[in-house]
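**Q** what's the 3D shape of this:
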Amino acid sequence: MTAFLHDLTTPLANLLPTGPRHTRTTEKLKEIEEKTGQPKVYFFIAFCLLLCGFVFLIGGAKLASDLVSFIYPAYMSFKAIDTANPTDDKQWLTYWVVFGFTSIIESCASFIIGWIPFYFFLKIAFFVWLYHPNFLGAGIIYTQALRPILLPYLGKVEKKTS
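**A** Next comes the predicted model:
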């Protein structure tokens, strides 16, 4: 069991804040670690779980799923704007198109959502799949579902507006 916990917490320990901007946080974690004799990563995990629980208590699963589907993609979109690489721009623009389409569908089908068990947990998994670098599901949804449906109508709209 101890080896399992060590293997699980070692990568998390590397994610803990370090550097001159985070010395106060690091010092506080080291102080707690020395007082209790427990690794500081346990307290980091406990803090993250408390934060997630607090978000869940305040807004429920909908707030949690909305935060997961918005905060990280928005952060990465801001970063992508400042890079010269057009690939990340395309990836995040595609994500936001799929996000908007999904939000519209979710609003229109809100009466059905209440009947789907674990809907918001499935939504979180879906949105993580959409933007995770290993999957890039937004590109798949766009090229295989949205683009074939919407492309014929885009040509008609452009002809009418010009």
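
**Q** report the central residue of this protein.
**A** The centre of the chain sits closest to residue 68, judged by C-alpha atoms, centre = their mean, with a distance of 3.9 Å.

**Q** I'd guessed it sits against residue 126; true?
**A** No - with contacts counted by C-beta atoms under 8 Å, residue 68 stays clear of residue 126, the gap being 10.1 Å. Where you see a C-beta, it was placed from the backbone N, CA and C, and this is true even at glycine.

**Q** got a list of what the residue nearest to the centre of the chain touches?
**A** Residue 68 makes contact with 124, 127, 128 under the criterion C-beta atoms under 8 Å, 6 or more residues apart in numbering.

**Q** state the distance from it to residue 140.
**A** Counting by C-beta to C-beta, to the nearest Å, the separation of residue 68 from residue 140 is 19 Å.

**Q** rewinding a little: for PyMOL, what selects the buried ones among the contacts of residue 68?
**A** To isolate the buried ones among the contacts of residue 68 in PyMOL, judged by 16 or more other C-beta atoms under 10 Å, type:
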select buried, resi 124+127
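
**Q** what is the neighbour count of the residue lying closest to residue 136 once chain neighbours are set aside?
**A** Nearest in space to residue 136, with sequence neighbours left out and distances taken as C-beta to C-beta, 6 or more residues apart in numbering, is residue 91 at 6.4 Å. Applying other C-beta atoms under 10 Å, we find 19 residues neighbouring residue 91.

**Q** elements contacting the helix or strand hosting residue 91?
**A** In this assignment (DSSP states H and E), residue 91 forms part of helix 86-108. Using 3 or more C-beta pairs under 8 Å, 6 or more residues apart in numbering; DSSP states H and E as the contact test, the elements touching helix 86-108 are helix 40-81, helix 119-131, helix 137-141.

**Q** next, format those helices as JSON lines and append mean pLDDT.
**A** Shown next, in JSON lines, are the helices and strands packed on helix 86-108 (pLDDT from 0 to 100):
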{"stretch": "helix 40-81", "mean pLDDT": "90"}
{"stretch": "helix 119-131", "mean pLDDT": "95"}
{"stretch": "helix 137-141", "mean pLDDT": "96"}
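
**Q** for residue 160, find the nearest of the ones you listed.
**A** Nearest to residue 160, of all the helices and strands packed on helix 86-108, is helix 137-141, at 27.2 Å by C-beta to C-beta.

**Q** quick one: contacts of that closest one?
**A** Helix 137-141 is contacted from outside by 91, 94, 95, 97, 98, 99, 126, 129, 130, 131, using C-beta under 8 Å, 6+ apart.

**Q** got the CA positions of stretch 45-57 in CSV?
**A** In CSV, the C-alpha atoms belonging to stretch 45-57 read as follows (Å, rounded to 0.1, in the frame of the first residue of the first chain):
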residue,chain,number,x,y,z
ILE,A,45,-4.3,16.7,-2.5
ALA,A,46,-6.5,17.4,0.5
PHE,A,47,-6.6,21.1,-0.4
CYS,A,48,-7.6,20.3,-4.0
LEU,A,49,-10.3,17.9,-2.8
LEU,A,50,-11.7,20.5,-0.4
LEU,A,51,-11.7,23.1,-3.2
CYS,A,52,-13.5,20.7,-5.5
GLY,A,53,-16.0,19.9,-2.8
PHE,A,54,-16.6,23.6,-2.1
VAL,A,55,-17.2,24.3,-5.8
PHE,A,56,-19.6,21.3,-5.9
LEU,A,57,-21.5,22.5,-2.8
